[in-house]
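>>> any chance you can model this:
(2 chains)
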There are 2 protein chains.
Amino acid sequence: MTQIIEIGKRAKKASQTLMCAGTMEKNRALSSIAQALRREKAAILAENAADIVAAKERGMSPSMVDRLTLTESRIEDIAAAVEKIVDLEDPVGVIETGFVRPNGLQVRKTRVPMGVVGIIFEARPNVTVDGAALCLKTGNAVILRGGKEAIRSNTALAGVMRDAIESTGLPADSVILIEDTSRESATALMKLNDYLDVLIPRGGAGLIRAVVEQATVPVIETGTGNCHIYIDKSADVQMGANIIFNAKTSRPSVCNAAETLLVHRDIAQEFLPVAKVLLDTKHVELRGDENTRSILGPSVKPVTEEDYATEFLDYILAVRVVDSLEEAIDHVRSYSSGHSECIVTRDLGCAQRFVDTVDSAAVYVNASTRFTDGGEFGFGAEIGISTQKLHARGPMGLKELTTVKYIIYGDGQVR
Amino acid sequence: MTQIIEIGKRAKKASQTLMCAGTMEKNRALSSIAQALRREKAAILAENAADIVAAKERGMSPSMVDRLTLTESRIEDIAAAVEKIVDLEDPVGVIETGFVRPNGLQVRKTRVPMGVVGIIFEARPNVTVDGAALCLKTGNAVILRGGKEAIRSNTALAGVMRDAIESTGLPADSVILIEDTSRESATALMKLNDYLDVLIPRGGAGLIRAVVEQATVPVIETGTGNCHIYIDKSADVQMGANIIFNAKTSRPSVCNAAETLLVHRDIAQEFLPVAKVLLDTKHVELRGDENTRSILGPSVKPVTEEDYATEFLDYILAVRVVDSLEEAIDHVRSYSSGHSECIVTRDLGCAQRFVDTVDSAAVYVNASTRFTDGGEFGFGAEIGISTQKLHARGPMGLKELTTVKYIIYGDGQVR
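Next up, the predicted model:
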């Protein structure tokens, strides 16, 4: 698509200016964005209201409408989040390692911007600002492709940001929104190898799968979390119950929420009723294997193979009694999406075996999986949680939006 | 393809054992491989001879036959290279960062193996052993898919390695060669998302392009090097001539060799004749723009747009006179493959501007681009040179074959 290639060229050009922009310049642009969002909130809310009317007419679900909705206080939150990014340390320019070779070459592995970052997302207008701000801070130009349901909101937000950036002297094309929300524009972005350095999908499993399958540009896979809590036979029962209750119910719709509870058979009789009392307070639907149902009774629905593989994102929990730690590890290996898992145990050997052999981005001993989050890890901001192993794994902060280059000073060395 | 899926399953299973193998165990397996290669060299050479006969019958070019050929001394070199990998530091288990959060959570970002690495390559049997040894050292299982021209050599080498690994107690499936050299087997490997954590193509531009276009698994793009040497107006003429001579002629067939010479107009009259005297000693064919030809005469062929974009990998050099540093930078931005570039200058500001704005994996001031190499950078070994920005950039050592996981210890923390 010529139009997307043109956007790629513009973004590449802007990225060449941003690459050399100092932290102060970038921070000035970020502050300008925050101010402009507050100043223009009436106009933004008007466009958002039009999106919401259209969405309701198309029969969008209430939870999706909620994600799409902006309010004065949400715009304030978004602006405040941009200001928080101003305060974060700029990873660009950091020398990761530097050394002198025996022949006198001075080698410096230096952190630099990626160049042009693409973000494909759904109907969440906050991602428009958040993604743009994180890219700007790290000296990257960004191409945004949001869902059609939020197109008027996104166009307003992108316009406000572009003007704000330009008013501080950096290129407006640092942030470009693709206004064509057709499937073709998304596909063209996924194949924009000449101009795009990385593409990050932010959204549901379907979007991420489509990007992984179709993209020829480098992709960072984010998000899907089929997380497990394993209660070892030596577990503190009350701690285990608190952890599964928190991991399942504190925010079921997010990727670090637990979806399956595994319980060692030696503790199942004692543990499961305690956990159920807590989970019942939030009306969590339990789907259990035979052993679980023989302990908790027929109010627990029978679990299916498919349940084990499902990220419910809801008040539903699969439960299975296992014969051993190894069986728990095998279950996790078979069904996990590689996001976050937890063992609750008092046994040092079991804890070590679990963290050594479970191959997920975050592996917990005696803590809720809900902590897998850039904010909770102290990164200040996150662009997503990577479930792949290349480049970034787990919560991605500013550093993960950069790459390195080797700068080598010599005085005439040849080989 | 069922067969490739089966191979993926076997490799995944082996990787789960390798993931927990200690450095001593992995080193024992590597030493065993080196010994076995020496012991079995007669059998390996016999299979290689059969490959060579077949290749010559198919009319393979002499330089390709040379790359395919093993000799006693080349097998010794390969075995010695494996032993060098024993001596390298194992990146697995290193804690990259570790901190305690205010709530007491102990977070450790720990280096771990990737899991299963795929390597697609052409008719170079040394890659079979080199790739396998680097993966083994870093605790990864490897699936190798070499070219059909080397299939008998590769089968022999893989068999020797598998037996050697198994004899030390690690799984033979740590190394699996795909013996089916059809296009379908390569395509199936590129889409083996359930079992393959990363795919590394090692070979020519055509192979790399095919992998980038078709793969749905994460890929590390390696290799293509359209490298530039820019002679600034303040350059030391003799230093500049030595650098372009070295960068072009010391080994023209490799990716870090220079392909285009850019010369500032203020120094062109003085510099070009000096450089030509040196380049003529190796019969380098010059293809120049009008200014170059007016200085060096009509023996210099006219350069084309396509020449600027070509990685010659031969004794051919494109030459262009530029009006300014900015024009040189623009030329590099337009044609570079992002591998290695060099400025020869005595001017600090020009050096800084060049390294800040040229967006390649390695940017040199006053040194030959031929130094972009794992060995020359002191990494001991390299699996390739990445020209992408994701995960790894420039020479990739052992560390780039690993990823990280967050291990978090708590005592009941919930969110």
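>>> quick one: low-confidence residue ranges for the stretch 101-250 of chain A.
Low-confidence segments of the stretch 101-250 of chain A, defined by pLDDT under 70, are absent.
>>> show me what counts as buried in stretch A:335-347.
A:Tyr335, A:Ser336, A:Ser337, A:Gly338, A:His339, A:Ser340, A:Glu341, A:Cys342, A:Ile343, A:Val344, A:Thr345 (16 or more other C-beta atoms under 10 Å in any protein chain shown). Where you see a C-beta, it was placed from the backbone N, CA and C, and this is true even at glycine.
>>> just the pLDDT at the last one, thanks.
pLDDT, the model's per-residue confidence, is 98 for A:Thr345.
>>> for it, give me its contacts.
A:Thr345 is in contact with A:Asp232, A:Ser234, A:Ala235, A:Ala351, A:Phe354, A:Val365, A:Asn366, counting by C-beta atoms under 8 Å, 6 or more residues apart in numbering or on different chains.
>>> list just the nearest of the residues you listed to A:Ala215.
A:Phe354 (33.9 Å; C-beta to C-beta).
>>> ok, for that closest one, nearest residue in space, not its chain neighbours?
Nearest residue to A:Phe354 in three dimensions, chain neighbours excluded: A:Ile343, at 4.1 Å (C-beta to C-beta, 6 or more residues apart in numbering or on different chains).
>>> of the contacts of A:Thr345, closest to B:Ala141?
Closest approach to B:Ala141 among those (C-beta to C-beta): A:Phe354, at 21.2 Å.
>>> which strand or helix spans the residue nearest to A:Phe354?
strand A:340-344 (DSSP states H and E).
>>> with A:Val86 instead?
Secondary-structure element containing A:Val86, defined by DSSP H and E: helix A:72-87.
>>> how many neighbouring residues does the closest residue in space to A:Met114 that isn't next to it in sequence have?
Leaving aside its sequence neighbours, A:Met114 sits nearest to A:Asp197 (C-beta to C-beta, 6+ apart; 4.5 Å). Residues lying near A:Asp197 (other C-beta atoms under 10 Å in any protein chain shown) number 25.
>>> my guess is A:Asp197 meets A:Thr138, correct?
No - counting by C-beta atoms under 8 Å, A:Asp197 stays clear of A:Thr138, with 11.7 Å between them.
>>> for the residue in the stretch 201-350 of chain A positioned nearest to chain B, what are its contacts?
Nearest residue of the stretch 201-350 of chain A to chain B (C-beta to the nearest C-beta) works out as A:Asn246 at 3.5 Å. For A:Asn246, the contact set (C-beta under 8 Å, 6+ apart) comprises A:Ser368, A:Arg370, B:Val414, B:Arg415.
>>> any idea how far A:Val355 is from the first one?
In this structure, A:Ser368 lies at 16 Å from A:Val355, with C-beta to C-beta, to the nearest Å as the measure.
>>> with the third one instead?
Between B:Val414 and A:Val355 the computed distance is 19 Å (C-beta to C-beta).
>>> between those two, which has more neighbouring residues?
Set B:Val414 next to A:Val355 and count neighbours by other C-beta under 10 Å: A:Val355 wins out with 21 against 17.
>>> the more buried one: what's it in contact with?
Neighbour list for A:Val355: A:Ile343, A:Val363, A:Val365, B:Ile407 [criterion: C-beta under 8 Å, 6+ apart].
>>> quick one: mean pLDDT for stretch A:35-48?
Mean predicted confidence for stretch A:35-48 is 98.
>>> how far does that stretch stretch from start to finish?
With C-alpha to C-alpha, to the nearest Å as the measure, stretch A:35-48 spans 19 Å from end to end.
>>> check stretch A:167-177 too.
Using C-alpha to C-alpha, the end-to-end distance of stretch A:167-177 comes out at 18 Å.
>>> swap in stretch A:89-100?
In stretch A:89-100, first residue to last residue: 27 Å (C-alpha to C-alpha).
>>> one step back: how about the helix holding A:Val86: buried residues?
The neighbour-count check on helix A:72-87 (16+ other C-beta under 10 Å) flags A:Ile75, A:Ile78, A:Ala79, A:Ala81, A:Val82, A:Ile85, A:Val86 as buried.
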